[in-house]
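Asker: test case, fold it:
(one chain, ligands or ions: 2)
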Amino acid sequence: MKKKLNLINVLLFNFPLIISSIIISCIVTICNIQLRKYSGNIIDQIGIVNEIHYTLIRITGCIFILVTGSFINKYILKRLIGFTCKQLLDKLTYSISNCNQAWLNNQNNGDAINTFTTDVNGVGNYINRIVGIAVSDAFLFFITCILIFKINFYLAILLIISSTIPVFVINISSNLLQKKYKTFQEIFSNANKTLHDTLSNIELVKAYSIQVNSLDNYSGKLKQSNEYNRTLAKLESLGGAISILTSFLTVLVTVGYGGWLVSNSYITIGTFFTILMLTDYIIDPIMKFSNTIFITKKTKVNIERLNKYLLAPCENLGNKELVQIDSKIVLEMRNVSFSYNENDIILNEFNLKIKKGEHIYIIGPIGSGKSSILKIIAGFLQHYKGDVYLYEQNLKECNIESLRSIISFVTQDVFLFSGTIYDNVSIVKPNSTKEDIEEVCKLAGIHTEIVNMEKGYFTNIGEDGYGISGGQKQRLSLARAFLANSPIFLLDEPYSALDIKNKEHIKKTLSKIGKNKVIITVTHDTSIIDDNSRVISLESLVKG
Ligand SMILES: Nc1ncnc2c1ncn2[C@@H]1O[C@H](COP(=O)(O)OP(=O)(O)O)[C@@H](O)[C@H]1O
Ligand SMILES: [Mg+2]
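Answerer: Ligands and ions are numbered 1, 2, ... in the order given. Purely as a prediction, here's the structure:
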């Protein structure tokens, strides 16, 4: 069961650390207050050597605890923030890699990227604020108020009233800030998506000379988000200004009323100095209070988006482990109907049975649903009617990891990660040896081309395979599938970028390594299909 994050439980990722930090903060705060109290005492003790001596020892003790406590607390805080951010990143990674594909396709990529950066950092910043500053500030404020209450009841009441006025004003402006921050975040995500699209399709953008439009579009969105940022800054400075005014009011109250108390001998000069120094501990938390509220409201927005991804609909089909049994029929689709949206039926009561060792082709015009069939089998599309059986087990009951472990899916759009050729192939089986990688690249007919490159297998191919040809990309993605060596191969247009020689090579490889495998090849290129092959033509089966 996935747990919803909120402003409280995000602080509790590491309970021992947070408790130690709060305890140390409180000890440091008490020392801080005592230090001021002893300093005030000295004034009244001038001339009394024994007492001053004793007070000085106490002051030294307080300073020692203060310095070591603050140092330890900083360390604990850094650990706590690092720990929480790492946990959040792990959870996000897990959730996104296991979330429903159709759901993910509908999200804005810029949003997801910002979640990993802005939102996680936002939570880190919030922890720093709350645990590092707000907790000790609140404690400081509370203890100081008690001390002043003990000295003079009316002065304490006056101080509390004058110092808490901004809380209400700031709360109103912080609600506005929260709304503005949310809009800012949306615009900023869109701007990032535009930039990402432009950079990852730079050749297309340049080919049509639309880089100016594209980048203009980006900077337009960025300007818009900057305007929101300015409004946010204005609101934050307004909160700051209110806090400064309040602190001034608090000082006036202390000096005015405190002075009157001294002149009427209700309190000593030493006590007056103590109160004056303690006022700092009322003003300081109030000054920082507006910032704490603003950070908290922003974090609320960060957490809202984090929850969107952390609670994303799961891809998990069921809990049963899918096991490869020795069944005659490996794959069966029974009365499968599917549509992305209600008006457009992609598959209508589709039936298919594939025996062990069978290699079949699915053909049909563009948009007839060929790729969708493979995505259903691979568990990417789950909202279909009817049933899909693998080794006589219904996919709806099986868990996604066990399904993926028996399927090698070569997708229609080949993607290569930034890194070396070696990394890109070995990614599906990181423990493979160099010989394994070379073997599968030979099977994919690309080994010779790789060794002829200056750095061979360690050639860096950059993001999205930039720097190598479409045909090479396609064969590398086939090499990955050969390395995974699963019993079921789903190949979506695997020949689309290959020349005749390479097509023949791949076909030979498939018949060599696929004796006991089920291989489904989706293609619109019928020239590669042998006469005796089994072909499913979608034209006659779908589009009811
Ligand atoms: N994520 C999606 N959302 C909505 N419609 C989609 C989506 N993916 C594909 N389609 C539509 O579904 C139809 C079948 O797509 P697809 O299975 O990719 O066809 P094929 O592989 O045969 O070209 C097409 O009309 C396509 O536009
Ligand atoms: Mg397709």
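Asker: past the top helix by length along the chain, which element shows up next along the chain?
Answerer: Across the chain, the longest stretch assigned as helix under DSSP state H is helix 211-263. Following helix 211-263 in sequence order, the next helix or strand is helix 269-310 (DSSP states H and E).
Asker: so which elements touch that next one?
Answerer: Contact here means 3 or more Cβ pairs under 8 Å, 6 or more residues apart in numbering; DSSP states H and E; on that basis helix 269-310 packs against helix 15-45, helix 49-97, helix 109-114, helix 120-129, helix 135-151, helix 153-200, helix 211-263. Where C-beta positions appear, they are placed from N, C-alpha and C, glycine not excepted.
Asker: 7 Å - rerun?
Answerer: helix 15-45, helix 49-97, helix 120-129, helix 135-151, helix 153-200, helix 211-263 (3 or more Cβ pairs under 7 Å, 6 or more residues apart in numbering; DSSP states H and E).
Asker: in TSV, list the ones you listed along with mean pLDDT, distance to ligand 2 and mean neighbour count.
Answerer: Formatted as TSV, the helices and strands packed on helix 269-310 follow (pLDDT from 0 to 100; distance: least, Cβ to the ion, whole Å; neighbours: other Cβ atoms under 10 Å):
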stretch	mean pLDDT	distance to ligand 2	mean neighbour count
helix 15-45	87	50	18
helix 49-97	92	23	15
helix 120-129	96	35	20
helix 135-151	89	56	18
helix 153-200	85	21	18
helix 211-263	86	27	16
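Asker: residue 273: which of those is closest?
Answerer: Shortest separation from residue 273 across those is recorded for helix 15-45, at 4.6 Å, computed as Cβ to Cβ.
Asker: run the angle between the closest one and helix 120-129 for me.
Answerer: 40 degrees (axes from the mean of the first three to the mean of the last three Cα atoms, to 10 degrees).
Asker: show me what helix 15-45 packs onto, helices and strands only.
Answerer: helix 49-97, helix 135-151, helix 269-310.
Asker: quick one, the longest one and helix 135-151 angle?
Answerer: An angle of 150 degrees separates the directions of helix 49-97 and helix 135-151 when computed by the same axes, to 10 degrees.
Asker: now the helices and strands packed on helix 269-310 as CSV including distance to residue 475?
Answerer: Listed next are the helices and strands packed on helix 269-310 as CSV, based on distance: least, Cβ to Cβ, whole Å:
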stretch, distance to residue 475
helix 15-45, 50
helix 49-97, 26
helix 120-129, 38
helix 135-151, 59
helix 153-200, 22
helix 211-263, 31
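Asker: residue of the stretch 201-350 of the chain nearest ligand 1, please.
Answerer: residue 340 (3.3 Å; Cβ to the nearest ligand atom).
Asker: can you give me the domain assignment for the protein?
Answerer: 9-310, 329-541 (automatic domain parsing).
Asker: who wins for proximity to residue 318 among the ones you listed?
Answerer: Residue 318 lies closest, by Cβ to Cβ, to one member of the domains of the chain: domain 329-541, at 3.8 Å.
Asker: ok so, going back, same list (the helices and strands packed on helix 269-310) but as CSV, adding distance to ligand 1.
Answerer: Converted to CSV, these look like this (distance: least, Cβ to the nearest ligand atom, whole Å):
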stretch, distance to ligand 1
helix 15-45, 42
helix 49-97, 17
helix 120-129, 28
helix 135-151, 47
helix 153-200, 17
helix 211-263, 24
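Asker: out of those helices, the one nearest residue 491 is which?
Answerer: helix 49-97 (22.7 Å).
Asker: right, I'll call it a day here.
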